[in-house]
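>>> pasting the structure only:
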Ligand code: URA
Ligand code: URA
């Protein structure tokens, strides 16, 4: 049976969505986090500048609250499921594809957008490219998919697998930023141009961005080629293996008690 709390939550959700839709109609494409997720600001605590990449303030990341990560992700998932900001994508999707894995993962893999298989199954990286990513995780890193967390820039499939438009990526930004803020990984591995450029807010090519450690909101970021690109260009697998080894060295150098 629904409790008064549940009813309040769904009413609040409805109000938030209406608010976002009216912002969208007004042409607003980016909002500070605190405007969208007021619950992210603990009651009684002073508001702080939103930790978006519009105004990066890494030292002001919220206090970790790992015990709430699962709950917070579920709440965010519901918001994503209800999102219709990109009307065309909302109309053409089978379902949204939120993300999968360990809510306390040390490592997140960050992809571009769901493809046909992901749109059908509701989980990221489950098609051919996903099988290659799974091999990288299993055979390359000796980890399980359940140890890491996998998410994309976009939560909806762009028809025909076209690249996400900048507007679409910006509409989804509050969702992926909040997802990463809840999980608080130590490492993010960006897969391909779209993921890397959107996270790091750069136009630099993946060829130049790979091979070094970047930082986003205090989190170490490694960029490498997208598995779909590796399927078309197997010669680049060598570079990706180097990037994964760099990532593993970084992870070994940092003591952590969860994977
Ligand atoms: N490619 C991506 O970038 N993400 C997926 O989830 C699947 C394919
Ligand atoms: N172009 C992409 O979009 N991704 C890659 O990984 C390489 C080239």
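Here it is on my side, so go on. Owing to the predicted nature of the structure, the values given are computational and were not obtained by experimental measurement. Numbers count the residues shown, from 1 in each chain. Ligands and ions are numbered 1, 2, ... in the order given.
>>> quick check, residue 222 in a strand?
Yes: residue state for residue 222 (DSSP: H, G, I helix; E, B strand; the rest coil) corresponds to a strand.
>>> is stretch 132-151 anywhere near ligand 2?
No: Stretch 132-151 lies apart from ligand 2 when judged by CB under 6 Å from any ligand atom; the minimum separation is 11.8 Å. In short, each C-beta sits where N, CA and C put it, glycine included.
>>> Compute the first-to-last residue distance for that stretch.
Using CA to CA, to the nearest Å, the end-to-end distance of stretch 132-151 comes to 16 Å.
>>> for the protein, which spans come out with low pLDDT?
Residue ranges of the chain with pLDDT under 70: 1-64, 255-259.
>>> tell me which parts of it are close to ligand 2?
With the criterion set to CB under 6 Å from any ligand atom, the chain comes near ligand 2 through 192, 193, 206, 225, 226, 229.
>>> export those residues to JSON lines and tack on distance to residue 103?
Listed next are the residues of the chain next to ligand 2 as JSON lines, based on distance: CB to CB, whole Å:
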{"residue": "192", "distance to residue 103": "24"}
{"residue": "193", "distance to residue 103": "28"}
{"residue": "206", "distance to residue 103": "28"}
{"residue": "225", "distance to residue 103": "27"}
{"residue": "226", "distance to residue 103": "25"}
{"residue": "229", "distance to residue 103": "29"}
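>>> any idea which of those has the most stuff around it?
Within those, residue 226 tops the neighbour count with 23 neighbours, counted by other CB atoms under 10 Å.
>>> hang on, it packs against residue 113?
No: assessed by CB atoms under 8 Å, residue 226 is found out of contact with residue 113, at 10.8 Å.
>>> Common neighbours of those two, please.
Listed as contacting both residue 226 and residue 113 by CB atoms under 8 Å, 6 or more residues apart in numbering are residue 194.
>>> Give the burial count for the residue in the stretch 1-150 of the chain positioned nearest to ligand 2, as a bare number.
Nearest to ligand 2, among the residues of the stretch 1-150 of the chain, is residue 112, at 7.6 Å (CB to the nearest ligand atom). For residue 112, the neighbour count with other CB under 10 Å is 25.
>>> what's it in contact with, if anything?
152, 153, 154, 163, 164, 191, 192, 194, 195, 226.
>>> ok, now which ones touch the fourth one?
Contact criterion CB under 8 Å, 6+ apart gives 112, 194 as the residues in contact with residue 163.
>>> and the gap between it and ligand 1?
Separation of residue 163 from ligand 1 (CB to the nearest ligand atom, to the nearest Å): 10 Å.
>>> This completes my enquiry, with thanks.
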